[in-house]
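Here is my input; please provide its structure:
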Amino acid sequence: MIHDSYDLTGLMPEEFLARLEDLNLRPVILHGGGVVSMDENISPLEKIIVSSQMFTQKLIASEAEILQKQSMVRQLIEGVWLITFNSQMTRKPINKGELFPRRIPAIVLINRTALNGPQMMGLVKQAGENIGALLSDFERSSAYTDNEIARLSQSLSWMSLDTTKLERYVQEIQSVSKQLGETYEELSLLYKLTTSMKVNQPPQAFLEEALEDLQVVVGVKWFSLKLTEEDCRLAELAGKAINAGPVPNGIDVLDLFTKVHDAKSSDQYASVIVDDTKTYGVSELEQYAQHLLFIPLICDGKCVAVLCGGDKHDGSEINSVDYKLCNALSNSLSIFIENVMLYADMQAMFMGTLHSLTASIDAKDSYTRGHSERVAYMAKQLAIAAKLDEKTVERVYISGLVHDVGKIGVPEMVLTKPGKLTDEEYEMIKKHPEIGAQIIEDIPRMQDLIPGVLYHHERYDGRGYPYRLAGEKIPLFGRLICLADAFDAMSSTRSYRQKLDHNYVLNEISKCAGAQFDPELAAMFVKLDFSEYFKMIASHKSGSGFSQAA
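Numbers count the residues shown, from 1 in each chain. Okay, here's the model as predicted:
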């Protein structure tokens, strides 16, 4: 019986098929039950043999043995040999309804002496063909002796095994290469994250870059990281959604994560892979993706954020490998967020200590309560107007807080004296910048504040103290704080006079530009918004504590 289709795809390595072509050998496919598929280029004589009833019967009788052996050679008809290549050569899945448990490729070889034999003559006669025409069409080079058939069958068997092994090795190498490539990308991503994980960088920018890199490596269409609002230490990150890719509109990852867990009554901190959102039991999921991954970020035993990814570009499901990579990244992100919160704690403690220190100094004179905080605030506003970078602005503010720390070394009776100071007392006052610089010079992270402390009483015309510096030889921090300090001194009541009118103070600053003050900074200062400053004055006057303006 002849089967119509002829498909060697997946049954034999391409290299082996090419070698058969070079040898002028045409393979056939055995389907079981005597059914055979033949190449369209097979010779008419071979076609008569393979489609004959005698060949079919002999083939059916040999099928059990064919299935059991790796490869074999057997004479089915006088002078007609069949070489089969079993298991190693058959990798294609079986079609439903096939008789054989697998399709088996084979080669039909004809002995030269059998061409004029009675069985061959009988087959040709039954087919109604002319033997002379068939033999002339059938190349004599395509016929063999029994010894040649034996050697050829052995060679073909070795060749089939070798090409199959080589193909398998190539596939294994390609698979390993692919895995190595994926692993390299994963390791590169994790290395990049850990080496760039600095708490003094903008946290949102770091998280955005991390998610974009992860999206590329995992191959999902989008990622969204939603942070909670429950921890004040998250600062500007609280309640933020950090996205990579075209995140669906209206998605709330934290809310979905809660509903996913409620649907299965699972651990609220457990990661979840949703294989099919249509069947999961949460109706909202389906509008966002077919496949979803949820991973919570845990810090101090609490969930501070949830990472969610949806649908892979290639249409495959999100698998355990994707989960492991995302989980490893989420651990790194948890550490980063925890470090951000720890840094916030340290900053809060540091700033609280500075506020307490400056408050204790200001408290030596009831008239100067809140002076350091107000100077720090106005110096910061001036630094912003001067378009200094964010980090420098923050350091100007801290320098303003501690600018009068040296007054701790000035006798209280001198600081609070209501009348005019003697020359000796004034010299004591003039020492406070140097005393302040000496106090903070050995404190880590405060050395860059020294210019604001040491030079805030220098004048632009060179008539200030302690070193009579002039112009831009006065460090920028000193020129900024000089303006803020003088403004607050004129704008607040002191033991020796009442506060001055606000407009009068601004006119004085403009008049002293180029003499006491940096002219460019003075022009910027008089244009600042002072509404928050007046609130600070009221707050400090009432004794209600530190302002939140900074």
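
as a whole number, average confidence for stretch 437-448?
If you average the pLDDT over stretch 437-448, you get 87.

Just the buried residues of it, please?
437, 439-440, 446 (16 or more other Cβ atoms under 10 Å). Using the backbone N, CA and C atoms, a C-beta is placed for each residue, glycine as well.

which one among those gets closest to Lys420?
The nearest member of these to Lys420, counting by Cβ to Cβ, is Ala437 at 27.3 Å.

Okay, and that closest one sits in which element?
helix 432-440 (DSSP states H and E).

CA atoms only: put that helix into CSV for me.
Extracted as CSV, the C-alpha positions of helix 432-440 are listed here (Å, rounded to 0.1, in the frame of the first residue of the first chain):
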residue,chain,number,x,y,z
HIS,A,432,32.5,82.9,67.1
PRO,A,433,33.1,82.1,63.4
GLU,A,434,36.5,80.6,64.1
ILE,A,435,35.2,78.8,67.2
GLY,A,436,32.4,77.3,65.1
ALA,A,437,34.8,76.2,62.3
GLN,A,438,37.0,74.4,64.9
ILE,A,439,34.0,72.7,66.4
ILE,A,440,32.8,71.1,63.1
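
What is it packed up against?
In terms of contacts (3 or more Cβ pairs under 8 Å, 6 or more residues apart in numbering; DSSP states H and E), helix 432-440 is packed against helix 450-454.

which other residues reach the helix it packs on?
Helix 450-454 is contacted from outside by 379, 396, 399-400, 402-403, 405-406, 433-434, 436-437, 440-441, 466, 475-478, 480-481, using Cβ atoms under 8 Å, 6 or more residues apart in numbering.

With just CA atoms, put that helix into PDB.
The C-alpha coordinates for helix 450-454 follow below in PDB (Å, rounded to 0.1, in the frame of the first residue of the first chain):
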ATOM      1  CA  ILE A 450      33.000  75.200  57.300                       C
ATOM      2  CA  PRO A 451      33.000  78.100  54.700                       C
ATOM      3  CA  GLY A 452      29.500  79.100  55.700                       C
ATOM      4  CA  VAL A 453      30.400  79.000  59.400                       C
ATOM      5  CA  LEU A 454      33.800  80.700  59.000                       C
END
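
Downstream of it, the next helix or strand is which one?
helix 476-491.

If you count neighbours, what's buried in that next one?
Applying 16+ other Cβ under 10 Å to helix 476-491 flags 476-488, 490-491 as buried.

what's the answer for stretch 20-32, then?
Those would be 20, 25-32, for stretch 20-32 by 16+ other Cβ under 10 Å.

can you check stretch 284-296 too?
For stretch 284-296, burial by neighbour count (16+ other Cβ under 10 Å) applies to 285, 288-296.

Of all pairs in those residues, which one spans the longest distance?
Largest separation among these by Cβ to Cβ: Gln290 and Pro296, giving 21.8 Å.

Now do the domain split for this protein, please.
In the domain annotation for the chain, the residue ranges read 2-168, 196-342, 363-542 (automatic domain parsing).

average pLDDT across the first one?
Here domain 2-168 scores 77 as its mean pLDDT.

Any stretches of the stretch 301-450 of the chain with poor pLDDT?
362-368 (pLDDT under 70).

Closest to the centroid, which residue in this protein?
The chain has Leu214 as the residue nearest its centroid, 2.4 Å off, counting by Cα atoms, centre = their mean.

Looks like that residue contacts Phe223 (just checking).
Yes - applying Cβ atoms under 8 Å as the test, Leu214 and Phe223 come out as touching, 6.1 Å apart.

Return every residue with contacts to both of those two.
With contacts taken as Cβ under 8 Å, 6+ apart, Leu214 and Phe223 have Ala244 as neighbours in common.

now Pro248, nearest residue through space, not along the chain?
Leaving aside its sequence neighbours, Pro248 sits nearest to Tyr288 (Cβ to Cβ, 6 or more residues apart in numbering; 4.5 Å).

Ramachandran coordinates for the one you found?
Main-chain torsions, Tyr288, degrees, to the nearest 10: phi -100, psi -30.

Verify the stated contact: Ala114 with Trp81.
No - Ala114 is not in contact with Trp81 according to Cβ under 8 Å; the separation is 9.7 Å.

gap between the two ends of stretch 215-233?
28 Å (Cα to Cα, to the nearest Å).

Can you mark which positions in that stretch are buried?
So, applying 16+ other Cβ under 10 Å, buried residues of stretch 215-233: 215, 217-218, 220-228, 231, 233.

from the residues you listed, which two are the most distant?
Farthest pair in the buried residues of stretch 215-233, by Cβ to Cβ: Lys221 and Arg233, 32.4 Å.

So Ser37 belongs to a strand, correct?
Yes - Ser37 sits within a strand when classified using DSSP: H, G, I helix; E, B strand; the rest coil.

Just list whatever residues bridge to it.
Beta-bridge pairing for Ser37 (DSSP bridges): His3, Ile29.

how close does it sit to Asp262?
Per Cβ to Cβ, to the nearest Å, Ser37 is found 57 Å from Asp262.

Give me the more crowded residue out of those two.
The neighbour count for Ser37 versus Asp262, taken as other Cβ atoms under 10 Å, is higher for Ser37 (19 against 12).

how about Ile337, what does it touch?
Shown in contact with Ile337 (Cβ under 8 Å, 6+ apart): 203, 227, 234, 237, 297, 299, 304-305.

Make TSV from those residues and add secondary structure and distance to Asp501 to it.
Shown next, in TSV, are the contacts of Ile337 (DSSP: H, G, I helix; E, B strand; the rest coil; distance: Cβ to Cβ, whole Å):
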residue	secondary structure	distance to Asp501
Pro203	helix	44
Leu227	strand	48
Leu234	helix	44
Leu237	helix	44
Leu297	strand	55
Cys299	strand	52
Val304	strand	51
Ala305	strand	52
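
Tabulate those residues (JSON lines), appending distance to Leu354.
Converted to JSON lines, the contacts of Ile337 look like this (distance: Cβ to Cβ, whole Å):
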{"residue": "Pro203", "distance to Leu354": "23"}
{"residue": "Leu227", "distance to Leu354": "29"}
{"residue": "Leu234", "distance to Leu354": "23"}
{"residue": "Leu237", "distance to Leu354": "24"}
{"residue": "Leu297", "distance to Leu354": "32"}
{"residue": "Cys299", "distance to Leu354": "27"}
{"residue": "Val304", "distance to Leu354": "28"}
{"residue": "Ala305", "distance to Leu354": "31"}
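
tell me which of these is nearest to Ser356?
Leu234 (24.9 Å).

mind checking pLDDT for the closest one?
82.

gap between it and Leu211?
From Leu234 to Leu211 the distance is 17 Å (Cβ to Cβ).

same question, Ala383
In terms of Cβ to Cβ, Ala383 sits 33 Å off from Leu211.

what residues are up against the residue nearest to Pro248?
For Tyr288, the contact set (Cβ under 8 Å, 6+ apart) comprises 248, 251, 256, 277, 310.

Neighbour-wise, which one of those leads?
When neighbours are counted by other Cβ under 10 Å, Gly310 leads the contacts of Tyr288 with 24 neighbours.

and the nearest residue to it once chain neighbours are set aside, what helix or strand is that in?
Take Gly310 and drop its neighbours on the chain: the residue closest to it by Cβ to Cβ, 6+ apart is Ala289, 3.2 Å away. Assigned by DSSP H and E, Ala289 belongs to neither a helix nor a strand.

Over to Tyr323?
helix 320-362.

Equivalent analysis for Val176, please.
Here Val176 is assigned to helix 146-195, by DSSP H and E.

continuing past that helix, what's the next helix or strand?
Next element after helix 146-195 (DSSP H and E): helix 203-218.

Just list what that next one packs against, helices and strands only.
With contacts taken as 3+ Cβ pairs under 8 Å, 6+ apart, helix 203-218 sits against helix 146-195, strand 220-227, strand 241-244, strand 302-312, helix 320-362.
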